[in-house]
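Please work out how this folds:
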Amino acid sequence: MNYSLTLQNKIISYYERYYKICGLLDFKERAKNRLNEEERDANQLRDLKNIFNFDFNNKKHLVVGAGTGGLGVVLKREYNGEVFGIEPNEQELEIIKEKCSEMGLDFSNFKKEVAENISFSDNFFDFVFCITVLEHVQNVEQSIKEMVRVLRPGGFLYINTPNSLFPVEKHYKVIFPTFLPKIFGKIYLFFRGKPTAFIGSINFFTERKINKILSKQGDIVWTRIYQSGYMSDKSGLKGFMLRFIIKKLFIYPDQEIVIKKNS
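This next block holds a predicted model:
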């Protein structure tokens, strides 16, 4: 997207701080890449559209954990959606506000809220998106319950969140023993030369745990997506091991779940 230079600098500055928190040495490059987040989100929507024959056009969409607004912009510009979002981070909301001003979105549809307590009414949205957010909420079960509540019968919820059985921690980009208590994880990160504060905000959960939560929702059906292209670009021994874990042990880095609310 062709955002103003002022907005581009604000986006880069925000993500530089974020990646520094995780101790990533290439934080500048990663932050600049976030200027292209709309392209990434557009590709993700196209994948969902092709797999499930979704019609995103002229629908009501809720983005839970709207971040810096990339997905909302794509839903509006490419699908003419009526886009709403919730986001608790004030810095990200400020970026969303400026994107809305430049892209013609209605910022009043974006609220400072958490996933556990969504203010929208029951059965309101055609699609709800929760992408790399569930691992940061305070209460995973309550968050899922709320997202299903605001979804209309026949509507769809898409969740994308890390799988803690996979041995790479996605925020720190390191091999990580997620099965250990957090205190040992902090010690491990310390000896890897990584900042340790951020790890306390991350939830680690497996497919089994999420399945158990979903099974309590009596008004839904769901399916998982397993994409074979993960880690195909990783070379050397590490790449070989990660591909082995995916292809032979069937443990994927991400949990991609599509949930349909029953009529």
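
hey, where'd the helices end up in the stretch 51-200 of the chain?
Assigned by DSSP state H, counting those that start in this stretch, the helices in the stretch 51-200 of the chain fall at 70-79, 90-103, 140-149, 182-191.

Now do the buried residues in the first one.
Applying a neighbour-count criterion of 16 or more other C-beta atoms under 10 Å, the buried positions in helix 70-79 are 70-77, 79. C-beta here means a position set from N, CA and C on the backbone, and glycine is covered the same way.

OK, contacts around N203?
Going by C-beta atoms under 8 Å, 6 or more residues apart in numbering, N203 touches 134-137, 140.

for L157, same thing?
Going by C-beta under 8 Å, 6+ apart, L157 touches 127-130, 147-148, 151, 258-261.

What distance do you get for H61 to R208?
According to C-beta to C-beta, to the nearest Å, H61 stands 30 Å off from R208.

Tell me the one of the contacts of L157 nearest R192?
Among the contacts of L157, C130 lies closest to R192 (C-beta to C-beta), at 29.4 Å.

Need the pLDDT of that closest one.
The model reports C130 with a pLDDT of 98.

wait, it sits on G67?
No - here C130 does not reach G67: they are 11.2 Å apart, not a contact under C-beta atoms under 8 Å.

Compute the first-to-last residue distance for stretch 102-116.
Length of stretch 102-116, first residue to last, C-alpha to C-alpha, to the nearest Å: 30 Å.

any idea of the mean pLDDT in it?
Per-residue pLDDT over stretch 102-116 has a mean of 94.

Could you count how many residues lie near L237?
Neighbourhood size, L237 [other C-beta atoms under 10 Å]: 8.

Please list all residues in contact with K194.
For K194, the contact set (C-beta under 8 Å, 6+ apart) comprises 22-23, 172, 174.

about what we covered before: so which of the contacts of L157 is the most crowded?
Highest neighbour count within the contacts of L157: V128, with 28 neighbours (other C-beta under 10 Å).

and that residue, what does it touch?
61-62, 64, 147, 150-151, 155-158.

can you do 7 Å?
The contact partners of V128, taken as C-beta atoms under 7 Å, 6 or more residues apart in numbering, are 62, 64, 147, 150-151, 157.

same thing with V64?
V64 makes contacts with 86, 115, 128-130, 133, 147, as judged by C-beta under 7 Å, 6+ apart.

before we move on, what about D41?
For D41, the contact set (C-beta under 7 Å, 6+ apart) comprises 70-71, 74.

Quick check: of those residues, which lies closest to K247?
Closest approach between the contacts of D41 and K247, by C-beta to C-beta: L71, at 29.7 Å.

Which residue is the nearest non-sequential neighbour of the closest one?
Distances taken as C-beta to C-beta, 6 or more residues apart in numbering place D41 nearest to L71, at 4.4 Å, with adjacent residues excluded.

On the three-state scheme, the one you found is what?
Secondary structure for D41, judged by DSSP: H, G, I helix; E, B strand; the rest coil, is helix.

And for I213?
Counting by three-state DSSP, the backbone at I213 sits in helix.

What sits closest to it if chain neighbours are left out?
Per C-beta to C-beta, 6+ apart, closest to I213 is E141, 4.9 Å.

P162 too?
K170 (5.0 Å).

Can you report how many residues neighbour that neighbour?
A total of 17 residues lie near K170 under the criterion other C-beta under 10 Å.

from now on call the first residue 20
Yep, numbering from 20; the last one is K189 now.

returning to what we had before: could the buried residues of helix 89-98 be laid out in TSV, adding pLDDT and distance to Y207?
Formatted as TSV, those follow (pLDDT from 0 to 100; distance: C-beta to C-beta, whole Å):
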residue	pLDDT	distance to Y207
G89	96	32
L90	97	33
G91	96	36
V92	96	38
V93	97	37
L94	97	39
K95	95	42
R96	94	43
Y98	97	43
